[in-house]
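Build me a model from this:
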Amino acid sequence: MERITPIFIKDFKGLADKDFRVLDTRTPGEFTGGFIPGSVFIGTGMQMEEWAKKLLSPSEPILLIASEDEPVETFKKLSNAGFKIKGFLEGGYKAWEQAGEKIDLIIDIEADELALDIPFDPNLTVLDVRGYNEFAEGHLQNAINLPLEEMADIAQIADFEENQNIYIHSGSGYRSVIAASLLKRQGYHNLRNVAGGWIEIKKQKGIAIQKEAAKLN
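Below you'll find the predicted structure:
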């Protein structure tokens, strides 16, 4: 196996401007709190390799943003999955931020905030990125279902209006951060990630939940 190469910020920026995919494998909370613009999130663990195969092209070389203690292990996992890793950002995201480089973020909200906003925001759109069966078993009224595994070419399937306030959720909050990073890459910035996902949403009182028994297995 090839050795992973540390890349310093100046060189990293030059490569990121070319045909390289910046992949951030930190935790969901670390990513939403600040990330390099244009990067895609697929956090280590939680079936990282499987989601990478579904959403990324193995022919596309990757620049890695990893947690400080995990670049080598993450490199091994992705390399074994068939991906080409050019190297990792030396010092990680913290070095990028401390250097004063441009950053982006995703706003996390709690499920109770979503429940409070639904009746009062006519532009609120709930995007549920769980699978079809999960959605059929219970979902918010008027939610849009776009399973994460179908978002590999998000430019072809996402068609949101500029005035829409998009609240994204998954089952527990992991897949929704991946989806939010993909939407950010396509220029959708009016996003909210619902922390805790459906697990927390379904606990809220006063929200309309629908089931679609005909679609259940």
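
any weak-confidence spans in the protein?
1-2, 156, 213-217 (pLDDT under 70).

those strands in this structure, which residues are they?
Along the chain, the stretches classed as strands by DSSP state E are 6-7, 21-24, 40-41, 62-65, 85-89, 107-109, 124-128, 139-140, 144-145, 165-169, 191-194, 209-210.

need those strands in a markdown table with mean neighbour count and distance to A179, can you?
Where C-beta positions appear, they are placed from N, C-alpha and C, glycine not excepted. As requested, these are arranged in a markdown table below (neighbours: other Cβ atoms under 10 Å; distance: least, Cβ to Cβ, whole Å):
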| stretch | mean neighbour count | distance to A179 |
| --- | --- | --- |
| strand 6-7 | 16 | 27 |
| strand 21-24 | 22 | 14 |
| strand 40-41 | 23 | 9 |
| strand 62-65 | 24 | 18 |
| strand 85-89 | 21 | 23 |
| strand 107-109 | 16 | 14 |
| strand 124-128 | 21 | 7 |
| strand 139-140 | 22 | 15 |
| strand 144-145 | 16 | 11 |
| strand 165-169 | 24 | 6 |
| strand 191-194 | 22 | 9 |
| strand 209-210 | 12 | 21 |
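
Can you name the residues that contact the residue positioned nearest the centre of the chain?
Per Cα atoms, centre = their mean, the C-alpha nearest to the average position across the chain is that of I178, at 1.5 Å. Residues near I178 by Cβ atoms under 8 Å, 6 or more residues apart in numbering: 40-43, 51, 55, 129, 148.

any idea how far it is from I106?
11 Å (Cβ to Cβ, to the nearest Å).

How about I9?
Going from I9 to I106 by Cβ to Cβ gives 22 Å.

So between those two, which is more surrounded?
Taking neighbours as other Cβ atoms under 10 Å, I9 and I106 compare with I106 leading, 22 against 15.

ok, that one - contacts?
Contacts of I106 (Cβ under 8 Å, 6+ apart): 31-32, 35, 177, 180-181, 184, 191-193.

please redo it, this time with the cut-off set to 6 Å
32, 180, 191, 193 (Cβ atoms under 6 Å, 6 or more residues apart in numbering).

Now for those residues: which two are most distant?
Pairwise distances across these (Cβ to Cβ) peak at 9.8 Å, for the pair T32 and L191.

Need the nearest residue in space to E60, chain neighbours excluded.
Leaving out its chain neighbours, the residue that sits closest to E60 by Cβ to Cβ, 6 or more residues apart in numbering is R21, at 5.0 Å.

just checking, F88 touches L64?
Yes. Under the criterion of Cβ atoms under 6 Å, F88 makes contact with L64 at 4.0 Å.

Understood, closing this out.
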